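> the following block contains a protein sequence and its predicted model.
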Amino acid sequence: MKIILHISRQSGPDDKAKMVRYEMPDVDEHWSFLEMLDVLNERLIEKGEDPVTFDHDCREGICGSCGFVINGLAHGRQYAPEGRTTVCQLHMHRFSDGDELYLEPWRAKAFPVVKDLMVDRSAFDRVIQKGGYISVSTGNAPDGNAIPVPKDISDEAMNAAECIGCGACVASCKNASAMLFVSAKISHLGVLPQGQPERDKRAQAMVAQMDDEGFGNCTNQYECEAVCPKGISVNFISRMNADYRNSINKK
Ligand code: FES
């Protein structure tokens, strides 16, 4: 099938982005979306042109490296009606002959464009560094059953820990809010018994870093949850707000 790509190209953070049109006349429906870009890049390199830069690593939907906007939605969410799909897991049988696709990077002040479709998401790393740890005693590893964790609590922690930090939540929010991401990271430790000693400090430090990085506030429109490839619930934002409020009230 034939696919027309319009890709946002820019050589660096200070360059002005422009949409460049590429025709892919022989796309195989079994290709993944990123494989189609690989083929495009091979052809560009053969012609002596600059290949399109895009982030990727596992290509299995688990690392969170990939991600860009396809026709206005993060990870091409509209082409995966079942949801929970990263762009590396999107395959070309979802598209039709003659489709025109506009590819753009995540757009947020806190995610400066590195080149073409790749953005710098180190702001997420700095948020995690501010509080993503727990106190542990040194010495031998503790018995795995020494601290019993109720099933509903461990399930909730695992639901939060599913976040792969791809940044689709930020890209889909008109305030470029990172609250879904930050709330998942705060909650996956904060709900467990092992995460209680730093629960207040963690909530305050991570929220402060989120604000310092320039992310906006929640719009309450749930666009983040709709595009999240791991189905992280906005309920975690309520939990984060409660943790933050409680930590302030205890001061
Ligand atoms: S490349 Fe790892 S989630 Fe897409």
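On my side now, so go ahead. Quick caveat: nothing in here was measured; it's all calculated off a predicted structure. Numbering: from 1, shown residues only.

> average pLDDT across stretch 123-137?
Stretch 123-137 shows an average pLDDT of 84 in the prediction.

> gap between the residue nearest to W106 when sequence neighbours are not counted and H91?
Leaving aside its chain neighbours, W106 sits nearest to A171 (3.8 Å; criterion: Cβ to Cβ, 6 or more residues apart in numbering). All C-beta spots, glycine's among them, are computed from the backbone N, C-alpha and C. Distance, A171 to H91, by Cβ to Cβ, to the nearest Å: 21 Å.

> I237 now?
On the measure of Cβ to Cβ, I237 and H91 end up 32 Å apart.

> can you check F215 too?
Relative to H91, and taking Cβ to Cβ, F215 is found at 32 Å.

> tell me which of these two has more neighbours.
Comparing F215 with H91 by other Cβ atoms under 10 Å, the one with more neighbours is F215, at 26 against 18.

> hang on, the more buried one packs against A171?
No: using Cβ atoms under 8 Å, F215 is not in contact with A171, being 11.5 Å away.

> any shared contact partners between those two?
Counting by Cβ atoms under 8 Å, 6 or more residues apart in numbering, the common neighbours of F215 and A171 are A108.

> could you check how far the residue nearest to W106 is from H75?
9 Å.

> so for the two, which residues contact both of them?
The contact lists of A171 and H75 share G67, V227, where a contact means Cβ under 8 Å, 6+ apart.

> more crowded one of these two?
A direct count of neighbours by other Cβ under 10 Å for A171 and H75 places H75 higher, at 29 against 24.

> show the contacting residues for the closest residue to that one other than its chain neighbours.
Counting by Cβ to Cβ, 6+ apart, V87 is the residue found nearest to H75 once chain neighbours are left out, at 4.8 Å. Counting by Cβ under 8 Å, 6+ apart, V87 touches F33, L34, C66, G67, F68, I70, H75, G76.

> repeat that for R84.
R84 makes contacts with C228, P229, K230, G231, as judged by Cβ under 8 Å, 6+ apart.

> picking that back up, find the helix or strand that the residue nearest to W106 is a member of.
helix 168-172 (DSSP states H and E).

> residues making contact with that helix?
67, 69, 73-75, 106-108, 110-111, 176-181, 215, 223-229, 232.

> so where's the stretch 51-200 of the chain uncertain?
By pLDDT under 70, the low-scoring segments of the stretch 51-200 of the chain are 132-134, 136-137.

> up against the ligand, what does it have?
When proximity is defined by Cβ under 6 Å from any ligand atom, the stretch 51-200 of the chain lies next to the ligand at H56, D57, C58, R59, G61, I62, C63, G64, S65, C66, T86, C88.
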